[in-house]
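# please find the sequence and the predicted model below.
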Amino acid sequence: MLQPNIETFLGCDAGYAEAEIVLYGAPFDSTTSFRPGARFGPSAMRHESFGLETYSPYQDADLTDRAVFDSGDLELCFGSAEAALADIEARAEEILGDGKLPLLLGGEHLVTLGAVRAVAKRYPDLHILHFDAHADLRDDYLGAKLSHACVLRRCHDLLGDGRIHQFCIRSGDRAEFQFAKAHTELHPFDFTGLEETVARLKAANAPVYLTIDLDCLDPGIFPGTGTPEAGGVSFPQLLNAIRTAGAANVVAADVNELAPMLDPTGVSTATACKVLRELLLAL
């Protein structure tokens, strides 16, 4: 019997009713400040995921043992960041309302704000674990309050002080680092302090949103991103951090900022796929 040609991420073919985790894509990059292309990240990750195995030797776990539903990509308005964020928020609300964990595939990092808006309504005491090369704490970028350079500042507007925990940060203007010193918990350059942070969050049973900007990786191994920043972490370091973060009460997550055409070798997309596999298993 013929079936519809529906491309899902590797091993994420459970029915919606039985799924514990729901993937949803946000192919949006309209506020990208340097090199565009992240809107093609979600579809590239699905297409290239079949180069992987469903089994992870890192975690001795298999995606076939998990119930994950891939809902595909949202159709977003590229001319309006607010309209795109509203659609992302509505999808996240729907998934949360059905008792499932929403896992967003970006797109540029601004898409995180739509998901965080939804999650913060359900979990008012929400904390964010943020892996990134960039602080993303500008109050505006060239006058725009909605930009991937401002996404964590807009999240701070929602959550307030002491609830954003940033790791691997190695880029930002002086004002961003001064803001972080006063309002967030910023760990520069690597994952130093992550185990202690997760232990505190776990002890408090705090709900956690985990956002992974793939440019936290060094561009020597992950060049396919819009704003590469030298000096990043290694792939094994990121995998270890994902497993560490997975011990917290993660209620939603995202992976973003793969721009596949900026790495014609395909290595960046393959890396992003493996990061997503490990994140799904860690959750």
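Arrived safely.

# for residue 34, which non-adjacent residue is spatially closest?
residue 227 (4.7 Å; Cβ to Cβ, 6 or more residues apart in numbering). For the C-beta atoms, the positions are set from N, CA and C on the backbone; glycine is no exception.

# need the strands for the stretch 1-150 of the chain, in chain order.
21-26, 55-56, 61-62, 68-73, 101-106, 127-131 (DSSP state E, counting those that start in this stretch).

# average model confidence for the fourth one?
It stands for strand 68-73. When pLDDT is averaged along strand 68-73, the result is 94.

# change the start of the numbering to 13 and stick with it
Sure, I'll start numbering at 13, so the last one becomes strand 80-85.

# what's it packed up against?
strand 33-38, helix 53-60 (3 or more Cβ pairs under 8 Å, 6 or more residues apart in numbering; DSSP states H and E).

# over to the first one?
In terms of contact count using 3+ Cβ pairs under 8 Å, 6+ apart, strand 33-38 is assigned the packing partners helix 53-60, strand 80-85, helix 93-109, strand 113-118.

# single out the most deeply packed of the ones you listed.
The highest average neighbour count among those, using mean count of other Cβ atoms under 10 Å, belongs to strand 113-118 at a mean of 25.

# related to what we said a few turns ago, Serialize the strands of the stretch 13-162 of the chain to CSV and add fields for distance to residue 177.
Listed next are the strands of the stretch 13-162 of the chain as CSV, based on distance: least, Cβ to Cβ, whole Å:
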stretch, distance to residue 177
strand 33-38, 22
strand 67-68, 25
strand 73-74, 26
strand 80-85, 26
strand 113-118, 19
strand 139-143, 5
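
# residue 126: which of those is closest?
Residue 126 sits nearest to strand 33-38 of all the strands of the stretch 13-162 of the chain, at 7.2 Å, using Cβ to Cβ.

# what does the closest one contact?
Residues from elsewhere that reach strand 33-38, judged by Cβ atoms under 8 Å, 6 or more residues apart in numbering: 20-21, 24, 28, 54-55, 58, 78-86, 88, 96, 100, 103-104, 107, 112-119, 123, 126, 292, 295.

# can you rerun that using 6 Å?
Residues from elsewhere that reach strand 33-38 (Cβ atoms under 6 Å, 6 or more residues apart in numbering): 24, 54, 80-83, 85-86, 100, 103, 107, 112-119, 123.
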